[in-house]
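Visitor: Return a 3D structure for these sequence lines:
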Amino acid sequence: MNKSHKKGLGKIQKFQFDYDAKYDDLFVYRKDSKSAGGVEIGSVLLDFGKGGDLVAIEIMDAAEFLASSTQPAPIDMKEVLRKLTDCEVDVRVWRNSILMIKMTLFAENKPAAVWNFSVPKLQERSPVTALAGA
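Guide: Residues are numbered from 1 along each chain as shown. I've put the predicted structure just below:
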């Protein structure tokens, strides 16, 4: 077992979810947590709590984005998103510098798609937000 897993950084967590089919927007979140700030990377918005834990993921144009970046690629991602029954998120930190996110989407109680995403781990506040007093 790796050290980050022992510290709980690799613990699979159940996230709540909302999918807006009209705007094709998927929002997954930890119900018990609040965002202290976020980072937007293309169609993906990651929200973090005060301690730096991932507390929410928003994916805009979700069906198209996820269909092009999940394994296995479902035939109709919009249908999968409409039939979501569960969402699990596994967050790991690699060498204290890369945040690795694995999100498993369940449709009709069966695993339907797995999405993997990696980003640099934020170590400090952006100078821009520090100047703005955020």
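Visitor: going forward, measure contacts and count neighbours with C-alpha atoms only.
Guide: OK.
Visitor: Quick check, pLDDT for the nearest residue to residue 105 once chain neighbours are set aside.
Guide: Residue nearest to residue 105 in three dimensions, not counting chain neighbours: residue 87, with 4.8 Å by Cα to Cα, 6 or more residues apart in numbering. Residue 87 carries a pLDDT value of 94.
Visitor: Count the neighbours of residue 87 for me.
Guide: 20 (other Cα atoms under 10 Å).
Visitor: again, but for the one 3 residues further on
Guide: As a burial measure, the neighbour count of residue 90 was computed by other Cα under 10 Å and equals 17.
Visitor: what's the answer for residue 110, then?
Guide: Residue 110 has 12 nearby residues by other Cα under 10 Å.
Visitor: Tell me how far it lies from residue 14.
Guide: 15 Å (Cα to Cα, to the nearest Å).
Visitor: Output the below-cut-off pLDDT ranges for the protein.
Guide: Scanning the chain for pLDDT under 70 picks out the ranges 1-10, 71-74, 122-134.
Visitor: Please save the CA atoms from the longest helix anywhere in it in CSV.
Guide: Identified as the longest helix of the chain according to DSSP state H is helix 62-69. As requested, the backbone C-alpha atoms of helix 62-69 are provided in CSV (Å, rounded to 0.1, in the frame of the first residue of the first chain):
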residue,chain,number,x,y,z
ALA,A,62,-20.5,16.8,-20.2
ALA,A,63,-21.8,14.2,-22.8
GLU,A,64,-19.4,15.3,-25.5
PHE,A,65,-16.4,15.8,-23.1
LEU,A,66,-16.9,12.5,-21.3
ALA,A,67,-17.6,10.5,-24.4
SER,A,68,-14.2,11.5,-25.8
SER,A,69,-12.3,11.0,-22.5
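Visitor: how distant is that helix from the center of its chain?
Guide: Once both centres are worked out by Cα atoms, centre = their mean, to the nearest Å, helix 62-69 turns out to sit 13 Å from its chain's centre.
Visitor: Helices of this protein, residue ranges please.
Guide: 3-6, 62-69, 77-82, 127-132.
Visitor: residues making contact with the longest helix of the chain?
Guide: Helix 62-69 has contacts (Cα atoms under 8 Å, 6 or more residues apart in numbering) with 24-26, 43, 59, 73-74, 76-78, 81, 115-116.
Visitor: With that, I have no additional questions.
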